[in-house]
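> Whatever this is, show me its structure:
(chains A, B and C)
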Amino acid sequence: MAARSADAAQRGVSRRQLLGGSAAALGGGILAGGLAGCGEAHEHDMRRPLRALTPREAAIVGAMADRVFPAGDGSPGASEIGVVAYLDAQLAGGWGSGDRFYRHGPFEEPDDSGHGYQLPLTPRELYRRVLPAIDEYARAQHGDGFPELSAEQQDSVMTDLESGRVDLGLAQGRFGFGSGQFFAAFLQNVREGLFADPMYEGNRDVAGWRWIGYPGDPMAYGDIYYTVFDSWDVRWDVEPQGMEGMH
Amino acid sequence: MSGDGGVRDPYDLDAFDGEWVLLRDGAVLDHDADGDALRARAEPRMRPGDALVPIGHPPAGYHVTA
Amino acid sequence: MAVRRHRPVDAVTIGVGWTGGILAAELTKAGMTVLGLERGHQRGTEDFSDDHDELRYAIRSELFQNTAEETWTLRHRQGERALPIRRLGSFLPGIGLGGAGVHWNGQTWRFHPRDFTYRTTAEEVYGDRIPSDMTIRDWGITYDELEPYFDRFEYMAGIAGKAGNLSGRRVEGGNVFEGPRRRDYPVRPMDRSLAGHLFEQAAREHGYHPFPLPSANLPEVYTNPAGITRHHCTYCGYCERFGCEVGAKADPTVTVIPEAQRTGRYEIRYGANVTRILHDGRRATGVRYVDAAGREHEQPAEMVLLTAFTFNNVRLLLLSEMGEVYDPATGRGAVGRNYTYQNNGASAVGFWRDEDFRPYMGSGANGVSIDDLDAENFDHDGLDFLGGGLVTVASLGVRPILGLTVPEGTPGWGARWKRAIRQYYRGTVTMAMQAESPAYRQHHLDLDPTYRDRNGDPLLRITFDWQPNERKLAEYVGRKMKPLMESMGADEVVGGPGSLPPHYDVQPYQSTHNNGGAIMGAEPGESVVNRWLQMWDYDNVFVVGASAFPQNASFNPTGTVGALAYRAADGIVNRYRHRPGPLA
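Sure, this is the predicted structure:
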């Protein structure tokens, strides 16, 4: 929904530009589009301005994450739980810039399996390259951008990604970086966004932890698991708590 | 080799990922998705040092521990 | 810029982890001055009050080496081009005070008697079934000679367990296959989880001999022989990859380093990255290091002790051109030979629909093990592989980002995945195999011809892959594990014949048990160090750590590493110091 109106707002501005109206009208149009644009950022369940992703990228990430962990069965979906905000913050930080990658060349594609990631792209650069490619693939396969597709169509694109069928233009041979590798990395990021401590902007209101029954930081309960560890019948059904509660 | 369209390099274990293989001196002599089927036809002709093993990533749970 | 020279010390250790800490404590207590050069920074228990943070510690590698600065390259065979390990995955080496001794799990063992005489044993038991390219060797030392040093490490650390062999008397409830120990563990076993209990029952039903996993995480308050008291474990489930905020996990920073520091003869310099051992071809004279600001220093020393973990020990020998480099084509040389790892290629996972195992409660070394499927503890008649593996059900603490496991056939995403993780998080138990890793002629460590670290020095190159022997072992032990999990009462079991990927994969975490490259032996020529871990070629240089292992056994290495370190210290303090020269 949010993604759809963001796209419409962008298209709206372009039409006004094409109509070649007066500067004032153009300014008004842009202003209107701009205000709508501000609103759109918040409608990706961001609750704050973006720091790394563009609005369109955030829309794609949110739509993909919501297929990984959809709303339902009494729980919100991934973007409402904050997965987009989580990933945006991570991409804006050290990890996103590849602070722990060995990024010296030469960069070679492996001749056999088992060599791990061999691209020079940082996580931020990788998402920047791959997300538009996913959008383009969605258009080619199903006639519209990824966030605009139906859930079934989105799942079809996700399945194609997972099985390596989407050409990201990053692989030459069998052991190059394919869409399956990207998809696995994306799933890992979604799991982080669902289950990391809420101070990282995902797992909002500990909804991820509550879903699986993970109690959070044992320090919040006084670090007393040792008093019940071998009393197997004692349950520990608590409202999950993160580390921030200790501060 | 069991019937398959493409020709696989017998020394390329990646080509047999997810299957059972009969290995001798580093080369795949025979393979099958079904380990029991492979064992049934391969076991009689196995020599000391041969390996009749699955190739692939270990099952779920492998990376959780230690 | 001028190189800064320092005043000489009796001994300098390269790295301050378990081995550097043990040597520092023993040598300073004996009156020697010791300098520890640690390229990371200081840390201690007080730094870990906010460390129940899976993202920061377990995933963003807070306590591990940073591959951006220095990494290793990996190739699977001779003649192949090695590629850098660009992100940590398969193993997680430490850095900083305490090294990996801060972030380890705490599983602590003594290798079997047969592990130390593996070549001799294998020739008797397996004869011509030993693959022709396998280069397993005897260590040049026996279990009996190491027994007192195992005891010393266990009492210093406060290892919690139950003996299975007291001076030759078999004790039920302990590991009845272990080598004889002079006395029981210093601390009783840890508390038992439900998962461990079910495994113990199932193991007995199958005729196996289950026993408590020996743990460096204290179940009760303990004061060691040096008078250091530590608090007990709280079973918080944040062990491996994390520092212990209560000091329950045995860690160099709460045991041997304070022991050394109170002598007043121990100095540690941080941010000191040793780049070369200085020598004249017969004797080491000291080391060169680069400080945090990038300036070069020279530190003279009477003795140079390499205590920097397997990889760094070997790399420094290679960069410093000490000892003859191993050439796999000719078999000549010893530095770099016999690199080994750990075979973890079998597991079984049980899923209970209605059981709550409280998986978030745990400790890094809490569990139940069986040794019946290890070594020559079972009949290898008709089997075409050597040795076996340890099988364990451990309650380590299952954390939600990395720990979620779902039954076979469940998709990895989507509504069904979402439902499965809710249904099974609390009801999942994992059984793991940890098996030996034999040495091969073609597996070794050397310097990479292409890739360099940020100082311009070549990276260490690893040549390693899985061989048919390891695949056969994993296949067999895996088949034995599935029925055990079924007997535990799981509603669904994922398991069966174990398997290894087409090639060794640097990406998923497997183990930080990297060994060899500076192996010990009874004779020079095919080993780098003698029975005291003293270099054959340089009397005043000791290379201490798992680099000394000629091959790897099934058990976790730290207990054996600690014993060897105490033995090296004994050699230095009681022999070398009084009469410098070769000890063997």
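
> What is the host helix or strand of A:Ala59 packed up against?
Taking DSSP states H and E as the definition, A:Ala59 sits inside helix A:55-68. Applying 3 or more CB pairs under 8 Å, 6 or more residues apart in numbering or on different chains; DSSP states H and E, we find helix A:55-68 packed against helix A:2-19, helix A:23-43, helix A:78-81, helix A:83-92, helix A:123-142, helix A:151-162, helix A:179-195. To be clear about C-beta, it is placed using only N, CA and C from the backbone, and glycine gets the same treatment.

> Counting by contacts, list what the fifth one packs against.
When contacts are defined as 3+ CB pairs under 8 Å, 6+ apart, helix A:123-142 packs onto helix A:55-68, helix A:83-92, helix A:151-162, helix A:179-195.

> and these as a markdown table, adding mean pLDDT, distance to C:Val391 and mean neighbour count?
Written out in a markdown table, the entries for the helices and strands packed on helix A:123-142 read as follows (pLDDT from 0 to 100; distance: least, CB to CB, whole Å; neighbours: other CB atoms under 10 Å in any protein chain shown):
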| stretch | mean pLDDT | distance to C:Val391 | mean neighbour count |
| --- | --- | --- | --- |
| helix A:55-68 | 98 | 34 | 25 |
| helix A:83-92 | 98 | 37 | 25 |
| helix A:151-162 | 98 | 33 | 17 |
| helix A:179-195 | 98 | 28 | 22 |
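
> and of those helices, who's closest to C:Glu200?
Within the helices and strands packed on helix A:123-142, the stretch nearest C:Glu200 is helix A:179-195; the backing value is 30.8 Å (CB to CB).

> What segments of chain C are helices?
For chain C, the helices defined by DSSP state H cover C:18-29, C:100-103, C:113-116, C:118-125, C:143-157, C:194-205, C:256-261, C:309-319, C:415-424, C:468-487, C:558-571.

> For chain B, find the nearest of the ones you listed.
Among those, the nearest to chain B by CB to the nearest CB is helix C:468-487 (3.8 Å).

> Restricting to C-alpha, output that closest one in PDB.
These are the backbone C-alpha positions of helix C:468-487, laid out as PDB (Å, rounded to 0.1, in the frame of the first residue of the first chain):
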ATOM      1  CA  PRO C 468      37.200 -40.100   1.600                       C
ATOM      2  CA  ASN C 469      38.200 -41.400   5.100                       C
ATOM      3  CA  GLU C 470      36.400 -38.400   6.800                       C
ATOM      4  CA  ARG C 471      33.300 -38.900   4.600                       C
ATOM      5  CA  LYS C 472      33.100 -42.600   5.500                       C
ATOM      6  CA  LEU C 473      33.500 -41.900   9.200                       C
ATOM      7  CA  ALA C 474      30.700 -39.200   9.100                       C
ATOM      8  CA  GLU C 475      28.400 -41.500   7.100                       C
ATOM      9  CA  TYR C 476      28.800 -44.300   9.600                       C
ATOM     10  CA  VAL C 477      28.500 -42.400  12.900                       C
ATOM     11  CA  GLY C 478      25.600 -40.400  11.500                       C
ATOM     12  CA  ARG C 479      23.700 -43.600  11.000                       C
ATOM     13  CA  LYS C 480      24.200 -44.500  14.600                       C
ATOM     14  CA  MET C 481      22.900 -41.100  15.900                       C
ATOM     15  CA  LYS C 482      19.500 -41.100  14.300                       C
ATOM     16  CA  PRO C 483      18.200 -44.100  16.400                       C
ATOM     17  CA  LEU C 484      19.500 -42.500  19.500                       C
ATOM     18  CA  MET C 485      17.400 -39.400  18.900                       C
ATOM     19  CA  GLU C 486      14.400 -41.500  18.100                       C
ATOM     20  CA  SER C 487      14.900 -43.300  21.400                       C
END
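
> Can you give me the neighbour number for the residue nearest to C:Thr117 when sequence neighbours are not counted?
For C:Thr117, ignoring the flanking residues on the chain, the nearest one in space by CB to CB, 6 or more residues apart in numbering or on different chains is C:Asp138 at 4.9 Å. Under the neighbour criterion other CB atoms under 10 Å in any protein chain shown, C:Asp138 is assigned a count of 19.

> same thing with the one 10 residues further on?
The number of residues packed around C:Pro148, counting by other CB under 10 Å, is 13.

> Ok, C:Ala569 next?
Here the number of neighbours of C:Ala569 (other CB under 10 Å) works out to 26.

> Was I right to think it contacts C:Leu27?
Yes. C:Ala569 sits in contact with C:Leu27 when judged by CB atoms under 8 Å, with a separation of 6.4 Å.

> dump the residue contacts of the nearest residue to A:Gly208 once chain neighbours are set aside.
Ranked by CB to CB, 6+ apart and with sequence neighbours excluded, the top spatial neighbour of A:Gly208 is A:Leu194, at 3.8 Å. In this structure, A:Leu194 makes contact with A:69, A:78, A:81, A:83, A:202-203, A:208, A:211, C:400, judged by CB atoms under 8 Å, 6 or more residues apart in numbering or on different chains.

> list the contacts for the residue in chain A that chain B sits nearest to?
For chain A, the nearest residue to chain B under the criterion CB to the nearest CB is A:Ser113, separated by 5.0 Å. Shown here is A:Ser113, whose contacts under the criterion CB under 8 Å, 6+ apart are A:175, B:14, B:17, C:501-503, C:505.

> and with 6 Å instead?
Taking CB atoms under 6 Å, 6 or more residues apart in numbering or on different chains, we find A:Ser113 in contact with A:175, B:14, C:502-503.

> which of those count as buried?
Applying 16 or more other CB atoms under 10 Å in any protein chain shown to the contacts of A:Ser113, the neighbour count classes A:175, B:14, C:502-503 as buried.

> Number of residues surrounding C:Phe64?
Around C:Phe64 sit 20 other residues, with neighbours defined as other CB under 10 Å.

> Settle this for me: C:Lys249 is touching C:Asn217, isn't it.
Yes. Using CB atoms under 6 Å as the test, C:Lys249 is close enough to C:Asn217 to be in contact (5.0 Å).

> joint contacts of the two?
Residues touching both C:Lys249 and C:Asn217 (CB under 6 Å, 6+ apart) are C:Gly106.

> before we move on, back to that, how about a markdown table for the helices of chain C, with distance to chain B and mean pLDDT added?
Formatted as a markdown table, those follow (distance: least, CB to the nearest CB, whole Å; pLDDT from 0 to 100):
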| stretch | distance to chain B | mean pLDDT |
| --- | --- | --- |
| helix C:18-29 | 17 | 98 |
| helix C:100-103 | 13 | 98 |
| helix C:113-116 | 19 | 98 |
| helix C:118-125 | 15 | 98 |
| helix C:143-157 | 18 | 98 |
| helix C:194-205 | 12 | 98 |
| helix C:256-261 | 24 | 98 |
| helix C:309-319 | 17 | 98 |
| helix C:415-424 | 11 | 97 |
| helix C:468-487 | 4 | 97 |
| helix C:558-571 | 12 | 98 |
